[in-house]
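K.L.:
with the sequence up front, the predicted model follows.
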Amino acid sequence: MQRSVLAIIAFTFVGLLSACQAAATEADCSRLEVLCVGLVTDAGGVDDRSFNQSAWEGVKTAEQNFPGAIVNSIETEDATDYGNNIALFADKGYDVIVTVGFAYGQVTIEAAQKYPNVKFIGIDQFQAPGQELPNLSGVIFPEDQAGFLAGALAAQVSQSGKIAAVFGADLVPQVVAFKEGYEAGAKYIRPDIEVISTFHPGGFEAAFTDPEWGAATARQALDQGADVVFAAAGRTGNGALIETAGQAGAFCIGVDTDQWETLPEARPCLVSSAIKLIAPSIEALIRQAQAGAFSGGNTFGAVGLAPFHDFESKLNADIKTQLAEVDRGLKEGTISIKE
């Protein structure tokens, strides 16, 4: 009996040792049976609790969906490193590379042309008709619709008749779309409402990594009488939301992901978030890549409002009904954002 127990222990130990030895590493990415997925972020980094983090969560689903998959990320600090960071993954044999943000558009196209066997997913990167690449899927969202919903919500909860928004760089079309939608949505509900919208004056890197400016801009708007602040500016926006959370009676609206989950400091004011379903879009495309069904071109992601959480009981039925009607009108095309 004792020898049998020892044999079982020895067998188990050998099995565990073999499993450890067989575990794939990044050095195995060139092997067909090993799935490797890399994420190259913009300046915000994977822990920006907003845009990049949503993309990282999508990439990490590969670990659950495909046991043994390897996922890694590279945080870009300078735009001149975009191409080099993508190459770090591609040259190691990664199967799927995700790049995040409008600023990556051209460099992702160039990488997809250079590495035709790698599948690329470009978040917020539109490919012009007739110029689509078979190994690049650009995931785009109707940010104007998400902004419209945020504006409609802001107009309904505002008591002062004055609301605000803090945005990243106006160099980014998606940010401009959020602004246009937010203002249109607010005026759709209350034509006489006053909207204070402010873009960050910096470039791609600074505009989304400046929480101090975001906080100061939100404070200025609050001091001018605004009682709702929408923020669409990565870490910069986080600063605006946290600042608003310190203002009694004020509301704030997050962006990209449900920031109730990612930015608890903003919960005192966070009535909802204008979300882009980034993670599910990435997960679906990784599955397609593994199934051999990946197709290039543009993929259209969904948008909406996140749950109201602690504010669920504070928003009356009329507000929720009207938001549902607005959402339906946007999807059906019966509500026009641009006049």
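P.N.:
Noted; the coordinates are in hand. Numbers count the residues shown, from 1 in each chain.
K.L.:
for the stretch 51-200 of the chain, what spans make up the helices?
P.N.:
Remark: helices assigned in the stretch 51-200 of the chain by DSSP state H, counting those that start in this stretch are 51-65, 82-90, 105-114, 143-157, 173-189.
K.L.:
same question, the stretch 201-339 of the chain
P.N.:
Using DSSP H, counting those that start in this stretch, the helices of the stretch 201-339 of the chain run over residues 204-207, 211-223, 234-245, 259-262, 278-290, 317-332.
K.L.:
may I see the ones you listed organised as TSV, with mean neighbour count added?
P.N.:
(Each C-beta comes from the backbone N, C-alpha and C, glycine too.) Output for these, formatted as TSV (neighbours: other C-beta atoms under 10 Å):
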stretch	mean neighbour count
helix 204-207	19
helix 211-223	20
helix 234-245	28
helix 259-262	20
helix 278-290	21
helix 317-332	14
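K.L.:
follow-up on the earlier one: of the helices of the stretch 51-200 of the chain, which is nearest residue 312?
P.N.:
helix 143-157 (12.9 Å; C-beta to C-beta).
K.L.:
just checking, residue 51 touches residue 103?
P.N.:
No: here residue 51 does not reach residue 103: they are 11.9 Å apart, not a contact under C-beta atoms under 8 Å.
K.L.:
neighbour count: these two, which is higher?
P.N.:
Neighbours were counted for residue 51 and for residue 103 using other C-beta atoms under 10 Å; residue 51 has more, 28 against 23.
K.L.:
what sits against the more buried one?
P.N.:
Residues counted as contacts of residue 51 (C-beta atoms under 8 Å, 6 or more residues apart in numbering) are 42, 44, 100-101, 208, 234, 255-257, 278.
K.L.:
in contact with residue 284, which residues are there?
P.N.:
Listed by C-beta under 8 Å, 6+ apart, residue 284 has no contact partners.
K.L.:
start the count at 125 instead of 1 going forward.
P.N.:
All set: I'll call the first residue 125, so the last point we hit is now residue 408.
K.L.:
confidence score at it?
P.N.:
Note on residue 408: pLDDT of 97.
K.L.:
which of the residues in stretch 454-463 are buried?
P.N.:
By 16 or more other C-beta atoms under 10 Å, the buried positions in stretch 454-463 come out as 454, 459, 461.
K.L.:
re earlier: find residues that contact each of residue 175 and residue 227.
P.N.:
With C-beta under 8 Å, 6+ apart as the test, residue 175 and residue 227 both reach residue 166.
K.L.:
can you show me the CA trace of stretch 364-375 as PDB?
P.N.:
Written as PDB, here are the backbone C-alpha positions of stretch 364-375 (Å, rounded to 0.1, in the frame of the first residue of the first chain):
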ATOM      1  CA  ALA A 364     -12.800  65.900 -14.400                       C
ATOM      2  CA  LEU A 365     -15.000  63.200 -13.100                       C
ATOM      3  CA  ILE A 366     -13.200  62.900  -9.800                       C
ATOM      4  CA  GLU A 367     -13.400  66.700  -9.300                       C
ATOM      5  CA  THR A 368     -17.100  66.700 -10.000                       C
ATOM      6  CA  ALA A 369     -17.600  63.900  -7.500                       C
ATOM      7  CA  GLY A 370     -16.500  66.400  -4.800                       C
ATOM      8  CA  GLN A 371     -19.300  68.900  -5.700                       C
ATOM      9  CA  ALA A 372     -22.500  68.300  -3.700                       C
ATOM     10  CA  GLY A 373     -25.500  67.800  -5.900                       C
ATOM     11  CA  ALA A 374     -23.500  67.500  -9.200                       C
ATOM     12  CA  PHE A 375     -23.800  64.700 -11.700                       C
END
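K.L.:
quick revisit: pLDDT and distance to residue 277 added to the buried residues of stretch 454-463, as CSV?
P.N.:
Converted to CSV, those look like this (pLDDT from 0 to 100; distance: C-beta to C-beta, whole Å):
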residue, pLDDT, distance to residue 277
454, 96, 13
459, 96, 15
461, 92, 15
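K.L.:
pLDDT-wise, which helix or strand of the chain ranks last?
P.N.:
Between all helices and strands in the chain, the lowest mean by mean pLDDT, DSSP states H and E belongs to helix 126-146, at a mean of 42.
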